Every structure is written in structure tokens, then in C-alpha cells.
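S.K.: Mind looking at a prediction? Sequence and model below.
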Amino acid sequence: MSPKVKYFIVPVCALLLGVAQVAHAACNDRRSPGMDWSGCKKTNKMLNKSDFSGSRFDDADLSLSDLVNSDFTGASLVKTDLTRVDATRSRFVNADLSKAGGYRATFDRATLVDSNLTKSEFLRATFKKAEVRNVDWSRSELGRVDFRGATLENVSFEFSNISRIELDGTRLDNVDFRGAYTYRSNFRGVDLSRVVNLGQIQLQLSCGDDKTRLPEGLSAPQEWPCTD
């Protein structure tokens, strides 16, 4: 091996080792605003009552962790694994949760405002009594999500799977249903009069009753698909 090649390899190896050490150290950083836990594994951790504002969790694994009463304002959680986390009463304001996964996660009484949740997967998650405003939730998997008692305002469900969602007692204001899959979505007793881009075919697939209020121009099916 020539001296030039030898001296080139040594600095490069040292540089790569330094990068690896920095990445490892970041995962061990204490909880604080603006930190970076991207790609870190933080499963089944007690992370409640934390200030994570401005922090990064891209590609991190937070599954099974306690995030109750934590602040994720301005945080990035792109492709973050939130499986079965408890984020009750937590704040996600101006946060990016695109492509995040939250199977059976709990976001009851949480605040999601001015946030991006496109292409995310929250199957069987609960958002009971949550405040959800100005949120892009398009092209997402939201089957069997429980929104009972929540407030949904300026929310886009465009081309999302919202089959079998629960909306009992939910306030819907300017919620966009364009192209959403509504198979057995529970609209019983729900006021849909202020939603947009809901079509007749979507109603034919959903569940409703004589207390379901519809947008102007739509009519209830002669018989709702699920009357049980």
C-alpha cells in the first residue's frame, strides 16, 4: 500500500468513528428542548412531563413509552414509531408526524394544532376529547380510530382510510373527506353539516341514523349499511 493511500485511510476511519460516537452520545442526551434523538431506541421509557419542544425524533422508536403531559411543540417525529405510547394530554403544535406509526396509541385530551400527519398510520389509536385543528391527515391509515368527544377543525382526511372510526360526540368543522374510505365509519348522531367533500357513495358505506345531520345536497341512504 502506498504512503498516500495509507495516510488517506487513517483520517477517514477516524472521521467515521467520530461520527458514530456523536450519534451514540445523542441517544444518551438528557431530555431537553431542541435535542436530537433521531434514530434512537427509547422503548418503554418514562418520558412523561417532558419539554421536547423543537426536538427531533425522526426514525426513532418510542414504542410503549409514557409521553403523558409532554410538550412536542415544533418537534419533528417523521417516521417515528409511536406504537402503544401514552401521549394523554400532550401537545403537538406545529409538529411534523408525517409517516409516523401509532398503532393502538393513546392521545386522549391531547392537542394537535398546525401539524402535519400525512401518510401516517394510527390504526386503533384513541384521540378521545382531543383538540385537533389545522391538521393535514391525508393519505393515512386511521382505521378504527376513536375520536369520541374530540374537536376536529380544518382537518384533512383526503384519501385516508377512516373505516370504522368512532365520532360519537365529536365536533366536525371544515373536515375534508375527499376520497376518504368510510366503510362502517360511525356517523350515528354526528353533525356532518359542516364537513366538506363528503360524497353520497361514502355515506352508502358508513353507519348513521335518523340523528345524523348531513351536508346540504346529500341524503341519507334508504337503509344504513349497519343498523345493529
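M.R.: That came through, no problem. Residues are numbered from 1 along each chain as shown.
S.K.: which residues in the chain form helices?
M.R.: Taking DSSP state H as the criterion, the chain contains helices spanning 3-27, 200-205.
S.K.: all strands in the chain, in order from the N-terminus.
M.R.: Secondary structure of the chain by DSSP state E: the strands cover 91-93, 111-116, 131-136, 151-156, 171-173.
S.K.: Does anything pack onto the second one? Which helices or strands?
M.R.: In terms of contacts (3 or more C-beta pairs under 8 Å, 6 or more residues apart in numbering; DSSP states H and E), strand 111-116 is packed against strand 91-93, strand 131-136. Bear in mind the C-beta positions are built from the backbone N, C-alpha and C, glycine included.
S.K.: Contacts for that strand, please.
M.R.: Strand 111-116 is contacted by residues 90-98, 127, 130-136 when judged by C-beta atoms under 8 Å, 6 or more residues apart in numbering.
S.K.: what about burial for the residues you listed, which qualify?
M.R.: Neighbour-count burial (16 or more other C-beta atoms under 10 Å) applied to those gives 90-93, 95-98, 127, 130-133, 135-136.
S.K.: rewinding a little: mind putting the helices and strands packed on strand 111-116 in TSV, mean pLDDT and distance to S55 included?
M.R.: Shown next, in TSV, are these (pLDDT from 0 to 100; distance: least, C-beta to C-beta, whole Å):
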stretch	mean pLDDT	distance to S55
strand 91-93	98	12
strand 131-136	98	20
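S.K.: Those: which one's closest to F157?
M.R.: Of all the helices and strands packed on strand 111-116, strand 131-136 sits nearest to F157, with 9.6 Å by C-beta to C-beta.
S.K.: In the sheet, which strands lie alongside the closest one, parallel or antiparallel?
M.R.: Paired neighbours of strand 131-136 in the sheet (DSSP bridges): strand 111-116 (parallel), strand 151-156 (parallel).
S.K.: From T182, how far off is L205?
M.R.: To T182, L205 is 5 Å away according to C-beta to C-beta, to the nearest Å.
S.K.: Looking at those two, which one has more neighbours?
M.R.: T182 (24 against 17; other C-beta atoms under 10 Å).
S.K.: so the more buried one touches N161, yeah?
M.R.: No - between T182 and N161 there is no contact under C-beta atoms under 8 Å: 9.1 Å.
S.K.: what residues are up against the most centrally placed residue in the chain?
M.R.: Residue closest to the average C-alpha location in the chain (C-alpha atoms, centre = their mean): L117, at 5.1 Å. When contacts are counted by C-beta under 8 Å, 6+ apart, L117 is found next to L97, S98, A100, V135, D136, W137, S140.
S.K.: Please repeat the previous calculation with a cut-off of 6 Å.
M.R.: Contact partners of L117, counting by C-beta atoms under 6 Å, 6 or more residues apart in numbering, are L97, V135, W137.
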